[in-house]
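>>> My questions are about this predicted structure, shown below with the sequence.
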Amino acid sequence: MGLLRAFLALSLFALPWLWFSIAGGHAFLVGAEPGAGSVLKDSPPHIRIWFDGALKPAACVIHVENGEGQRVDRDDSRVSPGDPRLLEASLPLLPSGKYRVIWHVKAADGHQAEGDFFFTIQPGD
Amino acid sequence: MASEGHIPMCLKVLFFLIGFVLVTLVLTPDLLCHGIAGKRFFPTTLAIEDPAVSDEFTILISRIKEPAEGEEPPTVETELSGEYTKRVTPNLALSIGSEFRRLKPAGGETQKGFGNLEVGAKYEFFNNAVHETILSFGVEAELGGTGSKKARAESFSTISPAFFFGKGLGDLPEGMKYLKPLAITGLVGLNFPSRGKDVTLRDEEIEINRHPITLSWGGTIQYSLQYLQSFVKDVGLPFPLSRMIAIVEVPLETCLNRGCGGEITGSLNPGLLWFGKSVQVGLEAVIPINSRSGKKAGVLGLVHFFLDDIFPRSLGRPIFR
C-alpha cells in the first residue's frame, strides 16, 4: 500500500491550504441577508452579503431589481468599513413582490466573481 | 531560392503562430480562473478532463482490477499520478504529467514503475457567463518509451486531440429552480497510436499486438450544493457541506479498428467533490460497465491545488496577459 500512503501524505500536505485559503483567492458567497430564495413578510432595510475573503471596495456593487427589472436599491452599496468581507446596500420600503439581487465583486487578489439570487416580500394575512 | 511573391513555409508558420497568440490575447477575458463561467464553478473532475483552463497541480490515485486480456492474468493496478498545468495566456495552458504504477497480476510478481510522460495543450475558446458554458479543445501526447516497461508503459506514442464542454443549468426558468445547481461536462476525442501493431517472437511463435485507434467520450453530471445555497435557496447548509458537489462520471472508450471495432469499455463513477478556495478533493467509486471493463469496483481519489489562487501574483498567473 505504498502508493496509498504516498497519496495520504500528499493529501495531508493539502490540509493547511484548506484553511489558509480563507484569506485569499476567489470570493465565494458564504451567506446573505435576506438569504437566497427567502420569503419575507416585511421589506428588509438592507441587503448584506458575506464572502469568504476580503473584497476590493472600489470594484464591488449590489444592484436590486424588482419584477419589472427596475432598480430599487438606494445605489449606496459598499464594503463594510468594519468587515472587508461584507458587502451591503440599503433599501427603501419595498412593496410586496419578487426581487432580484445582483452582485459583482473583486477579491483582494483581483479575482472577480458575480452572482444573483431572488427574495420575495409577501405580507402575511 | 523562393520565387517572387512566394512566402517560405517557415515564415507562414511564424505568421500563423504570431496571429494565434495575438487573437488569443485579444479574445481573452479580464480574469478567467479555474473553471468559472458566470456564477458556475466547474470543478476538476477525476475521470473526464474538465473543459477549463487554469494553473493547477493535480494528484490522483486510482485502484482498479483490470480484467484478463489474452495471456495477461487479471491485474490489480494502483496508480499515483501527478499533473502540472501552466497557463501561457488566460485561455491557453500547457500540461505535463506522469504516474507511478504498481501492478499485481493474479499469481504473478508485483511490478512497479513509472508510466510514460504525458504532455498536452488546451485552449478555451468560449466562455459564456449568462449560459454558464465553457468550450475548449486540446491535444495530449503520451510519449512512448519514456516510462518503465515493467509498469507496462507502451513503447509507442499516442496523440489524443479532444473537444471539451461544460454547461451549467443556471439559465433554466425559475419554475425549475432546484435543477439550476445541475451542470454537465463532457468530452469527445480520438486516440491515435504512432504504431499500428507490435510483432514479437515468443516461444517460437509470432505474437501480434494491435494498437487500435480509439474514441474517448463520456460525460459528468454534477449537482452543486454551493450553487444551491448561494444562488437558488439558502437551505442552511453549514461549512463544509456548503462546498460539496455530488457527481457521476461516465468515462467511455470505443475501439474503432484493428480487430476490436465497436467494442466499448468504461465505467460509471459516482462520487463526491469538495472545494475550498485553494484546494479541491474528491473521491469516486469506479464501477465497470461491462465484463470487458472489469468485474470489480475500483476507487479514485483526488487532491487538486488551484495555483492561480495560491500564488495569484507569481506562479498562478498566465505568462502573457
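That came in fine, so what should we check first?

>>> is whatever helix or strand A:Glu88 lives in up against chain B anywhere?
If you go by DSSP states H and E, A:Glu88 is part of strand A:86-90. No - with Cβ under 8 Å from any Cβ of the partner chain as the criterion, chain B is not reached by strand A:86-90; the gap is at least 13.4 Å. Using the backbone N, CA and C atoms, a C-beta is placed for each residue, glycine as well.

>>> what lines up beside that strand in the sheet?
strand A:46-51 (antiparallel), strand A:78-79 (antiparallel) (DSSP bridges).

>>> chain center to it: distance?
How far strand A:86-90 lies from its chain's middle: 9 Å, per Cα atoms, centre = their mean, to the nearest Å.

>>> in that strand, what counts as buried?
For strand A:86-90, burial by neighbour count (16 or more other Cβ atoms under 10 Å in any protein chain shown) applies to A:86-89.

>>> Please report how far B:Arg321 lies from chain A.
11 Å (Cβ to the nearest Cβ, to the nearest Å).

>>> quick revisit: for the buried residues of strand A:86-90, which one is nearest B:Glu205?
A:Leu87 (73.7 Å; Cβ to Cβ).

>>> residues in contact with that closest one?
Taking Cβ atoms under 8 Å, 6 or more residues apart in numbering or on different chains, we find A:Leu87 in contact with A:48-49, A:51, A:55, A:60, A:62, A:77-80, A:103, A:105.

>>> how about 6 Å then?
Taking Cβ atoms under 6 Å, 6 or more residues apart in numbering or on different chains, we find A:Leu87 in contact with A:49, A:60, A:62, A:79.

>>> Check the strands paired with strand A:86-90 for me and report the most buried one.
strand A:46-51 (a mean of 20; mean count of other Cβ atoms under 10 Å in any protein chain shown).

>>> contacting residues around it?
Outside strand A:46-51, the residues that reach it (Cβ under 6 Å, 6+ apart) are A:27, A:29-33, A:62, A:85-91, A:101, A:103.

>>> and those, which two are the farthest apart?
A:Ala27 and A:Leu91 (22.3 Å).

>>> Looking at these two, which one has more neighbours?
A:Ala27 (28 against 18; other Cβ atoms under 10 Å in any protein chain shown).

>>> got the contact list for the strand or helix carrying A:Phe117?
Using DSSP H and E, A:Phe117 sits in strand A:112-121. For strand A:112-121, the external contacting residues (Cβ under 6 Å, 6+ apart) are A:26-27, A:34, A:36, A:38-40, A:43, A:94, A:96, A:98-106, B:31, B:39, B:231.

>>> filter those residues to the buried ones?
So, of the contacts of strand A:112-121, A:26-27, A:34, A:36, A:38, A:40, A:43, A:94, A:99, A:101, A:103-106, B:31, B:39, B:231 end up buried under the neighbour-count rule (16+ other Cβ under 10 Å).

>>> The residue found closest to A:Lys56 once you drop the neighbours it is linked to in the chain bridge partners, please.
Using Cβ to Cβ, 6 or more residues apart in numbering or on different chains and skipping residues adjacent in sequence, the residue nearest A:Lys56 is A:Lys106, 4.4 Å away. Beta bridges link A:Lys106 to A:Gln112 when assigned by DSSP bridges.

>>> Please verify my assumption that A:Lys106 contacts A:Ala58.
No - between A:Lys106 and A:Ala58 there is no contact under Cβ atoms under 6 Å: 8.1 Å.

>>> For B:Val303, list each beta-bridge partner.
Going by DSSP bridges, B:Val303 forms beta bridges with B:Ile59, B:Val281.

>>> For it, give its distance to A:Ala6.
11 Å (Cβ to Cβ, to the nearest Å).

>>> Which parts of the chain are helices?
In the absence of a named chain, chain A is used. Under the criterion DSSP state H, chain A carries helices at the ranges A:2-20.

>>> wrong one, chain B
B:9-26, B:225-227, B:307-310.

>>> Okay, now the unreliable bits of the chain?
Looking at chain A here, since you left the chain open. Scanning chain A for pLDDT under 70 picks out the ranges A:1-4, A:7-25, A:125.

>>> actually chain B
B:1-33.

>>> can you pull the contacts of the residue nearest to the spatial centre of chain B?
Note on chain B: the residue nearest the mean C-alpha position is B:Glu49, at 2.4 Å, using Cα atoms, centre = their mean. By Cβ under 6 Å, 6+ apart, B:Glu49 lies in contact with B:Leu187.
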